[in-house]
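**Q** Build the 3D model from these lines:
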Amino acid sequence: VQLQASGGGLVQAGDSLRLSCAASGRTFSSYAVGWFRQAPGKERELVASISSGGSTYYADSVKGRFTVSRDYAKNTVYLQMNSLEPEDTAVYHCAGRPPGRPAYSYWGQGTLVTVSS
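**A** Model prediction:
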């Protein structure tokens, strides 16, 4: 499985962005997918995830503002980010976790999100 994230950019506080994570591989639909971010000088954090069945998780910092979804036909997972804040500025990565595995082992390249105040 190969993952490619896209959709980052420079926006103002309060704006929205939608990130996409496109995957190759027929087994991707069975993977959980996580969106991680890493800001300069900070540790990487999981901000949202979606299971193969569509169950979702959100970090408290993004709950109510971010929505993760997946399109099985397109082999793509999305992260809709609304009401963006300067604190959301980071490089965002998507990662895949195969079924039955504890760790995210497939990573895409990051996409930079910059939110200006």
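**Q** What pairs with the strand or helix carrying residue 57, parallel or antiparallel?
**A** If you go by DSSP states H and E, residue 57 is part of strand 56-58. Using DSSP bridges, strand 56-58 pairs in its sheet with strand 45-50 (antiparallel).
**Q** residues in contact with the partner strand?
**A** By Cβ atoms under 8 Å, 6 or more residues apart in numbering, the residues outside strand 45-50 that reach it are 32-38, 56-59, 61-62, 66-70, 77, 79, 92. Backbone N, C-alpha and C define where each C-beta goes, glycine included.
**Q** ditto for stretch 27-34
**A** 1, 21, 23, 46, 48-52, 68, 70, 72, 75, 77, 94-99, 104, 106.
**Q** From residue 53, how far out is residue 85?
**A** Separation of residue 85 from residue 53 (Cβ to Cβ, to the nearest Å): 30 Å.
**Q** And those two? Which one has more around it.
**A** residue 85 (14 against 7; other Cβ atoms under 10 Å).
**Q** quick one, what contacts the more buried one?
**A** Residue 85 neighbours (Cβ under 8 Å, 6+ apart): 13, 115.
**Q** Nearest spatial neighbour of the residue of the chain lying at maximal distance from its centre, chain-adjacent residues omitted?
**A** Distance from the centre of the chain peaks at residue 117, with 22.3 Å (Cα atoms, centre = their mean). Take residue 117 and drop its neighbours on the chain: the residue closest to it by Cβ to Cβ, 6 or more residues apart in numbering is residue 86, 4.8 Å away.
**Q** and the one you found, how many residues sit next to it?
**A** 11.
**Q** gap between it and residue 75?
**A** Residue 86 sits at a distance of 32 Å from residue 75 (criterion: Cβ to Cβ).
**Q** that older thread, filter the contacts of strand 45-50 down to the buried ones and express that as a ChimeraX selection.
**A** Per 16 or more other Cβ atoms under 10 Å, the buried members of these correspond to this ChimeraX selection:
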select :32,33,34,35,36,37,58,62,66,67,68,70,77,79,92
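**Q** Model confidence score at residue 37, please.
**A** The per-residue pLDDT reported for residue 37 equals 98.
**Q** This completes my enquiry, with thanks.
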